[in-house]
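> Here's my sequence, what's the structure:
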Amino acid sequence: MAHRKILVGLTLAAALGFVAAYVPGLTARADSKPPTPPPAAAAAKPTCKLHGKKCCDPAIAAHLPKEAVYKACGESDATYLGEDGSEKETCKYVFKVGNEKEDDTYVQVYAPVQKTVLEEPNDPFFSYKKVGKVYMTEKAKSPKSAPMLAAQTGLYMPAKGYSVTVNASLKVCTKAEVKKLAPEIK
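Numbers count the residues shown, from 1 in each chain. Alright, predicted model coming up:
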């Protein structure tokens with residue numbers, strides 16, 4: 001019986017020792033877990049007046065700031081609906097113009113990084129004329145392209161390692177206003 005008491009005592013002591021060693025390790029592991037970050041959507045509030053899925057990349061918007069569009073095209077914060085930067089290397093400024101559809105009232109900036117930049121536009125649909133350092137669409141080369149040119153005007157500026165293309169709806173900027181916009185492209 002003495003042996004039995006000793007074995008039971010040793011078993012209990014071993015079990016208590018194991019529990020005493022194991023439980024603090026569990027709490028230490030629970031404490032060492034990194035805190036769970038909040039969901040990205042809840043944490044990231046837009047830093048712009050949003051009119052799409054995300055704000056424009058500041059590097060793209062810097063090529064033609066919305067303030068330059070306000071100044072050249074006669075727009076303001078009152079007519080500005082917001083920006084849409086959901087397409088890569090593109091920033092689209094959307095404006096409210098009368099009863100026009102929002103899809104047709106924009107100024108879009110596209111500034112892709114390029115290894116080889118064309119010194120002047122090589123467009124099969126439109127001919128361009130030079131306005132300062134920028135090229136502006138002048139006329140359509142085919143009857144199928146004419147309606148597109150009647151709805152918007154394009155600008156193209158070559159630079160080192162990138163080019164900037166601006167498409168402006170004629171409902172937002174007239175051709176004369178787009179000429180004023182051309183020198184603002186960076």
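> And the pLDDT for residue 164?
Predicted confidence (pLDDT) at residue 164: the value is 97.
> brain fart, residue 114
If you check residue 114, the pLDDT there is 94.
> residues contacting it?
Residue 114 makes contact with 161-163 under the criterion C-beta atoms under 8 Å, 6 or more residues apart in numbering. C-beta here means a position set from N, CA and C on the backbone, and glycine is covered the same way.
> filter the residues you listed to the buried ones?
Listed as buried from those are 162-163; burial here means 16 or more other C-beta atoms under 10 Å.
> May I see the contacts of residue 114 organised as CSV, with secondary structure and distance to residue 95 added?
Formatted as CSV, the contacts of residue 114 follow (DSSP: H, G, I helix; E, B strand; the rest coil; distance: C-beta to C-beta, whole Å):
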residue, secondary structure, distance to residue 95
161, coil, 30
162, strand, 26
163, strand, 24
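> Now distance to residue 108 too, for the contacts of residue 114, in TSV please.
Output for the contacts of residue 114, formatted as TSV (distance: C-beta to C-beta, whole Å):
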residue	distance to residue 108
161	21
162	16
163	14
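> Nearest to residue 170, out of the contacts of residue 114: which one, please.
residue 163 (22.4 Å; C-beta to C-beta).
> Excluding residues flanking it in the chain, which one is nearest the closest one?
residue 117 (5.1 Å; C-beta to C-beta, 6 or more residues apart in numbering).
> residue contacts, the nearest residue to residue 55 once chain neighbours are set aside?
Leaving aside its chain neighbours, residue 55 sits nearest to residue 48 (3.9 Å; criterion: C-beta to C-beta, 6+ apart). Contact analysis of residue 48 by C-beta under 8 Å, 6+ apart lists 55-56, 82-83.
> I'd guessed residue 100 sits against residue 172; true?
No - using C-beta atoms under 8 Å as the test, residue 100 is too far from residue 172 to be in contact (9.1 Å).
> neighbour count winner among those two?
Each of residue 100 and residue 172 has its neighbours counted (other C-beta atoms under 10 Å); residue 172 has more, 24 against 13.
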